[in-house]
Structures are given as structure tokens and as C-alpha cells.
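1. Test case, fold it:
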Amino acid sequence: MTPAKKSKKTMSDEHKAALAAGRVAGNAVRRYLEALEANRPKRGRKRTADSIKARLEKVNAEIPTAASVRRLSLIQERNDLERDLANIKEGPAPDVTALEAEFVQHARAYGESKGISYKAWREIGVPAQVLAKAGISRSAG
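-> Purely as a prediction, here's the structure:
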């Protein structure tokens, strides 16, 4: 048996444009949501490099005189602090205004095409004022 030949169908320019517009809108929404997630405030006191270094000094000073079980806990804490210090991001949070502007431009059409409600946008963390700028109302979805 010979494999069936695939027929070459060409897409219309309108179809190609619609696909491209969908990619642009999807990318704008994805980038904004990722920026929101990355910059979401954490609970509790913010840990800085200085606060981690200070705690690391206290832990290192306590390790030599600690009982064996306590020393084990301190060693683990030291390892955790060193990892946190290596991973900490210092400096101001990145500016998301450009991502927000792009999101506002595309979010309504994207949400309508995907059936995304106002409540879903809010639940994922998009501020109400950003949804208002995008023209997404509470009655959407």
C-alpha cells in the first residue's frame, strides 16, 4: 500500500492574519500574566540579602556549640539561607506598564474568543482597573 498523498491546501490571507492576530493577543496576555505572577507580593516580611546574611551569621555562630539535633537543624537552615541568598533578586520590581498596555489592547478580544469571564481574570490576579481599561466588565462571561 502506498501512503495517501496529502493535498496542499493554502490558507487565505484573512486566515493567516487571524492566526497571527491570535498569536499576538495570546502572547500579550501570557507575558502580562507571567509578570503579575512573578511580581506578586509574598506574605510576611520581605527578605533582603542583608537580612539573610545577618541570619546566616547567627546560624554559623550557633552551630559549633549546639547539641547534635539542633546542629543538624542549623546546618539545614544554613543550606537554605545560602540557597535563598544565591537566588534573591535585588533591586526594584520590573516595570510592567508596557506589558499592561499591550494586555489592555488585546485582553478583551482574547477573553471573548476563549470564553474567559471577568471573574476568571480577577481570580488569576488581574486588577479591576486594568480590566476596566481593557473594556472587560463584570457582566463579561
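
2. going on from the helix or strand containing residue 56, what's the next piece of helix or strand?
-> Residue 56 belongs to helix 49-62 when assigned by DSSP states H and E. The C-terminal neighbour of helix 49-62 among helices and strands, as given by DSSP H and E, is helix 68-87.

3. about what we covered before: list the contacts of the helix holding residue 56.
-> By Cβ atoms under 8 Å, 6 or more residues apart in numbering, the surrounding residues in contact with helix 49-62 are 45, 74, 77, 78, 81, 82, 84, 85, 88, 90. Yep, even glycine has a C-beta here, placed from its N, CA and C like the rest.

4. Please determine how far the fifth one is located from residue 48.
-> Spelled out, it's residue 81. Residue 81 sits 12 Å away from residue 48, going by Cβ to Cβ, to the nearest Å.

5. okay, those two: which has more neighbours?
-> Neighbour count, other Cβ atoms under 10 Å: between residue 81 and residue 48, residue 81 has more, with 21 against 11.

6. how about the more buried one, what does it touch?
-> Counted by Cβ under 8 Å, 6+ apart, residue 81 has contacts 52, 55, 56, 59.

7. Quick one, which of those are buried?
-> The neighbour count (16 or more other Cβ atoms under 10 Å) marks 52, 55, 56, 59 as buried among the contacts of residue 81.

8. Just give me the closest of the residues you listed to residue 134.
-> Nearest to residue 134 out of these is residue 52 (Cβ to Cβ; 38.6 Å).

9. which one's the longest helix in this structure?
-> As assigned by DSSP state H, the longest helix anywhere in the chain is helix 13-38.

10. Tell me which other helices or strands it touches.
-> Secondary-structure packing of helix 13-38 (3 or more Cβ pairs under 8 Å, 6 or more residues apart in numbering; DSSP states H and E): helix 97-114.

11. quick one: buried residues of the next helix or strand after the helix it packs on?
-> Next helix or strand after helix 97-114 toward the C-terminus (DSSP H and E): helix 118-124. Buried residues in helix 118-124, counted by 16+ other Cβ under 10 Å: 118, 121.
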